[in-house]
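>>> Predicted model, plus sequence, below.
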Amino acid sequence: MTKLRRLSLTAYEAPLCETIVDCPQPQSSEVLVRVERCGVCHSDLHMQDGYFTLGGGKTLDVRAGRTLPFTLGHEIAGSVEQVGPDAAGVAPGAKVAVYPWIGCGACAACKAGEENLCSTNRHLGVSADGGFASHVLVPHPRYLIDYAPLQPSFAAALMCSGLTAYSALKRLREHAARGPALLVGLGGVGMMGLSIARALFPQPPIVADIDASKREAALQAGAAAAFDPADKDARKAVLKATGGGVYAACDFVGSDKSLAFATGVLAKGGKAVVTGLLGGPFATPVAMFVLKAMTIEGTLTGTLQEAREVVALARAGTLAILPIRERPLAEAQAALDDLRAGRVVGRIVLTA
Ligand SMILES: [Zn+2]
Ligand SMILES: [Zn+2]
């Protein structure tokens, strides 16, 4: 029998351990995918810790709904190895990206196509075993997305960082028709966002980051202007450059400072979408929602439909490729350690 080799979480706040079990046989509509690439994401660190930091010494426990040993990893690309008797439309050997944000299929969110928001979900690498492994079991072929001619590592990264940026920016489309959007924070997701914003919006976005080298990289990648939010005159400079403020802002950082900056430069009727999870408390006079007719919206990954859309955008050649460093699966813990220490530029993707 084929063995399923995994780098598993066997205890919280402890290094991953190799565990080996018999490979599951796909039943009914299930598909067994041999993992060829799996991206390493910041949220894997939180899952390994068992909590998210909310700022101000507060944490959010995320250990519920997961039995150990558990396999992390939600940015998966691979090839179909075996299909269940009812898994139609997919054949062994097919190269696919795996949409990981799989819901129960029965709740109101799932019925509306928002499986990413399902509260009794089976999100791969979060509440069902994920891709730091030789194989992953996917409940239905509809979660598999053809990605040729993209690189498999890029296709994998699209399932979380790409999808998150795409879903956030799609929520700003109408607002971005009125003027350049502002993107705050140019890490991996933010740089992907810059590329997606250039494809989706009529004007190139403006950007803000406290790191001068990231501002420079964004200007090289087509940002219309770059601002340092730590500069006390930055708010005024953005207002001046945009003729009174932006209608669309995306906060890829998700800290008190980044959201204060993003909302501080909104024009009347403006909207800020938050995807970042850095943490921190946010306060604003309630009257500002009214006086500025302001919207602040959070978004969490994206829907299956949006995953197909962002892959289609990438396949059409409209997205710039992220810097990706490939490392063998056996180095998963070292990759997590590097990510935690801030030693990573772009994305780390594990290879089989
Ligand atoms: Zn992720
Ligand atoms: Zn559901």
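Yep, it's here. Ligands and ions are numbered 1, 2, ... in the order given.

>>> So which residues on the protein come close to ligand 1?
Counting by Cβ under 5 Å from the ion, the chain comes close to ligand 1 at 41, 43, 160. Yep, even glycine has a C-beta here, placed from its N, CA and C like the rest.

>>> which secondary structure element contains the closest residue to the second one other than its chain neighbours?
Once its chain neighbours are removed from consideration, residue 43 has its nearest residue in residue 277; the separation is 7.3 Å (Cβ to Cβ, 6 or more residues apart in numbering). Taking DSSP states H and E as the definition, residue 277 sits outside all helices and strands.

>>> Just confirm residue 277 contacts residue 251, I think it does.
No - with contact defined as Cβ atoms under 8 Å, residue 277 does not count as touching residue 251 (10.5 Å).

>>> Tell me which of those two has more neighbours.
residue 251 (29 against 18; other Cβ atoms under 10 Å).

>>> Can you list phi and psi of the more buried one for me?
phi -100, psi 100 (degrees, to the nearest 10).

>>> Show the contacting residues for it.
Listed by Cβ atoms under 8 Å, 6 or more residues apart in numbering, the contact set of residue 251 reads 184-185, 258-259, 262, 272-276.

>>> What's opposite it in the beta bridge?
Using DSSP bridges, the bridge partners assigned to residue 251 are residue 184, residue 274.

>>> So that it lines up with my notes, have the first residue be 58 from now on.
Sure thing, new numbering starts at 58, so read that last one as residue 308.

>>> ok, now which ones touch residue 263?
By Cβ under 8 Å, 6+ apart, the contact set of residue 263 is 237-240, 280-284, 295, 298-299, 303.

>>> The same query, at a cut-off of 6 Å, please.
Residue 263 makes contact with 237, 239, 281-282, according to Cβ atoms under 6 Å, 6 or more residues apart in numbering.

>>> Looking at those, state which has the most neighbours.
Going by other Cβ under 10 Å, residue 239 tops the contacts of residue 263 with 30 neighbours.

>>> For the stretch 158-307 of the chain, what lies in contact range of ligand 2?
So far as Cβ under 5 Å from the ion goes, the stretch 158-307 of the chain lies against ligand 2 at 160-161, 164, 167, 175.

>>> farthest-separated two in the residues you listed?
160 and 164 (6.9 Å; Cβ to Cβ).

>>> between the two, who's got more neighbours?
residue 160 (22 against 16).

>>> which residues touch that one?
167, 172, 175, 178.

>>> try 7 Å
With contact set as Cβ atoms under 7 Å, 6 or more residues apart in numbering, residue 160 has these partners: 166-167, 172, 175, 178.

>>> and of the residues you listed, the nearest to residue 323?
residue 166 (28.3 Å).

>>> element containing the closest one, please.
helix 165-168.

>>> and if you look at residue 329?
Assigned by DSSP H and E, residue 329 falls in strand 323-331.

>>> Next, count neighbours for residue 310.
28.

>>> Torsion angles phi and psi at it?
Residue torsions, per degrees, to the nearest 10, at residue 310 are phi -90, psi -50.

>>> do residue 203 as well
Reported as degrees, to the nearest 10, the phi and psi values for residue 203 are phi -70, psi 140.

>>> in the sheet, who's paired with the nearest residue to it once chain neighbours are set aside?
Spatial nearest neighbour of residue 203, excluding adjacent residues (Cβ to Cβ, 6+ apart): residue 153 at 6.4 Å. Counting by DSSP bridges, residue 153 is bridged to residue 135, residue 203.

>>> just checking, residue 153 touches residue 205?
No - counting by Cβ atoms under 7 Å, residue 153 does not reach residue 205; the two are 9.7 Å apart.

>>> These two - which one has more neighbours?
Neighbour totals were compared for residue 153 and residue 205, and residue 153 leads with 24 against 10 (other Cβ under 10 Å).

>>> following the helix or strand harbouring residue 354, which helix or strand shows up next?
Assigned by DSSP H and E, residue 354 falls within strand 352-355. Going down the chain from strand 352-355, the next helix or strand is helix 361-372, by DSSP H and E.

>>> how about the nearest residue to the closest residue to ligand 1 within the stretch 308-409 of the chain, chain neighbours excluded?
Closest to ligand 1 within the stretch 308-409 of the chain is residue 358: 7.3 Å, counting by Cβ to the ion. Nearest non-adjacent residue to residue 358, counting by Cβ to Cβ, 6+ apart: residue 173, 4.6 Å away.

>>> One more: residue 131?
residue 182 (3.5 Å).

>>> From what I see, the one you found and residue 157 are in contact.
Yes - counting by Cβ under 7 Å, residue 182 touches residue 157, with 6.0 Å between them.
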